[in-house]
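Enquirer: Just to be clear, the model below is a prediction. Sequence and coordinates:
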Amino acid sequence: MTAILEVTKATRRFGGLVAVNDVSFKVSSTGVTAVIGPNGAGKTTLFNIISGSIPPSEGAILLAGEDVTALKPEAKAARGLVRTFQLVKLFQDLSATENVKVGFHLKSRGGLMAALFQPAWAKQAEREAEEKAAALLDLVGLSKVARTSASVLPYGQQRLLEIARALAAEPRILLLDEPAAGLNAEESERLAKTIRRIAADGTAVLLIEHDMKLVMDIADEVVVLDYGRKIAQGTPEAVKRDPAVLAAYLG
Amino acid sequence: MTNSPSITSPEAHGLARPRTRHFGSAAVWVLSAAIIGYALVFGGYMATIVAFALIYAVFVSGLNVFMGLTAQVSFGQSAFAAIGGYTSAVLTTTYEWAPLPGMVAGLVFALVAAFLIGFPTLRLKGHYLAMATLAIGLITYEIAVEWESVTQGYLGISGIPPLGIGPFEAVSDRAILAVLSVIVVILAFAVTRIRRSRLGRAFSAVAGSEEAASALGINVSRYKLVSFLIAAAIASLSGSLFVHVVGYVSPEVFGLHMVILAFTMVYIGGLGTVAGPLIGALIISILPEVFRGMKDYQDLAYGVTMILILIYAPKGIAGVADALDARRSA
């Protein structure tokens, strides 16, 4: 397995509380890896450390072999690590298409002069962005609401839109923070299909999830956290039978 | 999402009719043009009022980029108008420069000042940024008062030449109105283009969610700075225009009241809209004149009107027009 992401001895303390305690694991450059654990296990903190929202107290994050521990989120995004949020953070005033077009920021160029004078290359880039945005909205099944303001979309569609927007940045690894939270069964199924499709297209996916069914359906590898520590790692089948995991979930 | 009852219909959002209608915003432009046209035709006191309104519209256009498009707060934009205004005034009187190079010099000074101020302060968030910008406005005011050898303190600088390029000089009310109208329209056009560009989307992203913006690789403080610089440049331009139109400048011109007035204009006109700065500046400038006949009650009438507009058009006049357009195309 070639690892796109490597978490080495990551620890994060908040005062006396150790939210993430000496966690190490590798994420394969292909397929879907899931981080699961009961509430308060430190999943979101771990995610924030990986994405760069907060620095770890100790430990390192390697992205394709490069130490990116101290980099800010935008620098990590530029290196191919893009995340979504547990509480969807869309640009509410923009349409679905425009939200996705923001995602092309890293893959396009042009500042004030390009905006004001609109040279041929900028117009061309704008047309391409429009086409690629349409393709991404199609991928997540949102073509019909392309011109709808993000603020009025139902929650499930907002989640899918956030994923489409993240994909626009052409990540090498996509981090999804509880993507199924708040979705109904049917939306959840659509989400599972979309995630499998993304992985099949060659983007590594790392997700945090409560929804066990979703994880067991789509994950190739599962990392289990409890009280900030990694207690198990393996295939969904192996993890399901792991006594430490059973103890953590069933108390 | 095959069955999503909450979505009205795909046609509702302009797919079947991609060309949305713009009657509402057209009405706003027609109203603005009518007010300016009235001033052009009848001249006199109304022409003076509208000329000031247009200068304010320039200033508010800049504020609108920073506050409307990027959703940041600055109480200190008057500082950059002061830098532009005083640079123009000093260079065209003491050093006898032509107005245009003086204006460009003011622009450069304003940009340098905005960079030096913006670079550290734009890392601050919320109230801290607002407080820092408030301080900038007050400091600039003090400098204008105290640096007497250059600014002549409270006395101010008079005898500033009118706007002009080469042989052309805008001296008459009509010429001034024409020049200012052209500048306001160019700025509206520029804001339209910025909104639809990669730059404008980055501003919207910063406005919408700084966390999500940086997760997509957008350098948030950098785009705040770019927005701040654009706003400062436009503020500087408005300051230069003011001193050339009036022929005189003193520290009071760029005081805190300018910021308060501009805030009122940007909210009444419609924050983040293209037509908002112009219609906001025109209405806020003309309202006191409309109520002048009411003598003792004019402040009351002005206040009541303002409250009514904000109750019935919370997104401003141009904001309501845009919303109507969106509903019509639905």
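Expert: Arrived safely, thanks for sending.
Enquirer: so what's B:L261 up against?
Expert: B:L261 makes contacts with B:56, B:284, as judged by CB atoms under 8 Å, 6 or more residues apart in numbering or on different chains. Where C-beta positions appear, they are placed from N, C-alpha and C, glycine not excepted.
Enquirer: For it, what is the enclosing helix or strand?
Expert: Under the assignment given by DSSP states H and E, the secondary-structure element containing B:L261 is helix B:256-269.
Enquirer: tell me which residues in the helix or strand following that helix are buried?
Expert: Tracing the chain past helix B:256-269, the next element assigned as helix or strand by DSSP H and E is helix B:276-290. Burial within helix B:276-290, assessed by neighbour count using 16 or more other CB atoms under 10 Å in any protein chain shown, is assigned to B:276-287.
Enquirer: average pLDDT across helix B:276-290?
Expert: Over the span of helix B:276-290, the pLDDT mean works out to 92.
Enquirer: Repeat that for stretch B:259-266.
Expert: The average of the pLDDT scores along stretch B:259-266 is 92.
Enquirer: Would you mind naming what in the stretch 101-250 of chain A lies close to chain B?
Expert: The stretch 101-250 of chain A comes close to chain B at residues A:101-106, A:108-112, A:114-116, A:118, A:122, A:125-126, A:141-142, A:144-148, A:154, A:156-157, A:160, A:165-166, A:168-169, A:186-187, A:190, as judged by CB under 8 Å from any CB of the partner chain.
Enquirer: Quick check: ChimeraX command selecting the buried ones in the residues you listed.
Expert: The following ChimeraX selection, which keeps only the buried ones among these, applies the criterion 16+ other CB under 10 Å:
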select /A:101,102,103,104,105,106,108,110,112,114,115,122,125,126,141,142,144,145,146,147,148,156,157,160,165,166,168,169,187,190
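Enquirer: and stretch A:219-226, how far out from the chain's middle?
Expert: Here the centre of stretch A:219-226 is set off from its chain's centre by 15 Å, with CA atoms, centre = their mean, to the nearest Å.
Enquirer: Including distance to B:L261, could the buried residues of helix B:276-290 go into JSON lines?
Expert: JSON lines is the format used below for those (distance: CB to CB, whole Å):
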{"residue": "B:G276", "distance to B:L261": "15"}
{"residue": "B:P277", "distance to B:L261": "12"}
{"residue": "B:L278", "distance to B:L261": "15"}
{"residue": "B:I279", "distance to B:L261": "15"}
{"residue": "B:G280", "distance to B:L261": "10"}
{"residue": "B:A281", "distance to B:L261": "9"}
{"residue": "B:L282", "distance to B:L261": "13"}
{"residue": "B:I283", "distance to B:L261": "12"}
{"residue": "B:I284", "distance to B:L261": "7"}
{"residue": "B:S285", "distance to B:L261": "9"}
{"residue": "B:I286", "distance to B:L261": "13"}
{"residue": "B:L287", "distance to B:L261": "11"}
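Enquirer: Closest one to chain A out of these, please.
Expert: Nearest to chain A among these is B:G276, at 14.3 Å by CB to the nearest CB.
Enquirer: contacting residues for that closest one?
Expert: With contact taken as CB under 8 Å, 6+ apart, B:G276 is in contact with B:60, B:64, B:68, B:266, B:269-270, B:316-319.
Enquirer: Show me which helix runs longest in chain B.
Expert: Selection of the longest helix in chain B by residue count, based on DSSP state H, yields helix B:220-246.
Enquirer: Give me the next element, helix or strand, following it.
Expert: Next along the chain from helix B:220-246, counting by DSSP H and E, comes strand B:248-249.
Enquirer: Output the contacting helices and strands for that next one.
Expert: When contacts are defined as 3 or more CB pairs under 8 Å, 6 or more residues apart in numbering or on different chains; DSSP states H and E, strand B:248-249 packs onto helix B:77-93, strand B:157-158.
Enquirer: Point to the residue nearest the middle of the chain.
Expert: Looking at chain A here, since you left the chain open. Among the residues of chain A, the one closest to the centroid is A:L175, at 2.0 Å (CA atoms, centre = their mean).
Enquirer: Chain B, not that one
Expert: Note: chain B centre (CA atoms, centre = their mean) maps to B:V60, 1.2 Å.
Enquirer: Can you say which helix or strand has it in it?
Expert: Assigned by DSSP H and E, B:V60 belongs to helix B:44-63.
Enquirer: Just the buried positions in that helix, please.
Expert: Counting neighbours by 16+ other CB under 10 Å, the buried set in helix B:44-63 is B:46-63.
Enquirer: One more: stretch A:235-251?
Expert: Neighbour counts using 16+ other CB under 10 Å place A:236, A:239-240, A:242, A:245, A:248 of stretch A:235-251 among the buried residues.
Enquirer: before we move on, the earlier item: quick one: the helix holding B:L261 to helix B:276-290, angle?
Expert: With axes from the mean of the first three to the mean of the last three CA atoms, to 10 degrees applied, the angle from helix B:256-269 to helix B:276-290 works out at 110 degrees.
Enquirer: tell me the least confident of the buried residues of stretch A:235-251?
Expert: A:A248 (83).
Enquirer: any idea how far A:A244 is from A:G37?
Expert: From A:A244 over to A:G37 the distance is 11 Å, taken as CB to CB, to the nearest Å.
Enquirer: Quick one: name the residues of the stretch 151-300 of chain B near chain A.
Expert: Counting by CB under 8 Å from any CB, the residues of the stretch 151-300 of chain B that sit close to chain A are B:190, B:193-194, B:196-202, B:204-205, B:207-209, B:211-220, B:226, B:230, B:272.
Enquirer: residues touching the residue of the stretch 51-200 of chain B found nearest chain A, list them.
Expert: Of all residues in the stretch 51-200 of chain B, the one sitting closest to chain A is B:S197 (3.4 Å; CB to the nearest CB). B:S197 makes contact with A:110, A:114-115, A:118, A:122, A:126, according to CB under 8 Å, 6+ apart.
Enquirer: Dump those residues into a markdown table; add pLDDT and secondary structure as well.
Expert: Supplementary listing: the contacts of B:S197 in a markdown table, determined by pLDDT from 0 to 100; DSSP: H, G, I helix; E, B strand; the rest coil:
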| residue | pLDDT | secondary structure |
| --- | --- | --- |
| A:G110 | 87 | coil |
| A:A114 | 89 | helix |
| A:A115 | 90 | helix |
| A:Q118 | 90 | coil |
| A:A122 | 92 | helix |
| A:E126 | 92 | helix |
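Enquirer: which one of the residues you listed sits closest to chain B?
Expert: Distance ranking of the contacts of B:S197 against chain B, using CB to the nearest CB, places A:A115 first at 3.4 Å.
Enquirer: Which residue comes closest to that closest one once chain neighbours are left out?
Expert: Distances taken as CB to CB, 6 or more residues apart in numbering or on different chains put B:S197 closest to A:A115, at 3.4 Å, once the chain neighbours are dropped.
Enquirer: Pass me the low-pLDDT residue ranges in the stretch 151-300 of chain B, would you?
Expert: Residues of the stretch 151-300 of chain B meeting the criterion pLDDT under 70: none.
Enquirer: So what does the residue of the stretch 51-200 of chain B closest to chain A have for phi and psi?
Expert: phi -110, psi 170 (degrees, to the nearest 10).
Enquirer: next one: A:N21
Expert: Summarising the backbone geometry of A:N21 under the convention degrees, to the nearest 10, its torsions are phi -120, psi 100.
Enquirer: That one against A:Y227, yeah?
Expert: Yes. Contact between A:N21 and A:Y227 holds when scored by CB atoms under 8 Å: they sit 7.4 Å apart.
Enquirer: now the end-to-end length of stretch A:228-240.
Expert: Across stretch A:228-240, the straight-line distance between its terminal residues is 19 Å, by CA to CA, to the nearest Å.
Enquirer: next one: that stretch to chain centre, how far?
Expert: Using CA atoms, centre = their mean, the mean C-alpha position of stretch A:228-240 is found 20 Å from that of the whole chain.
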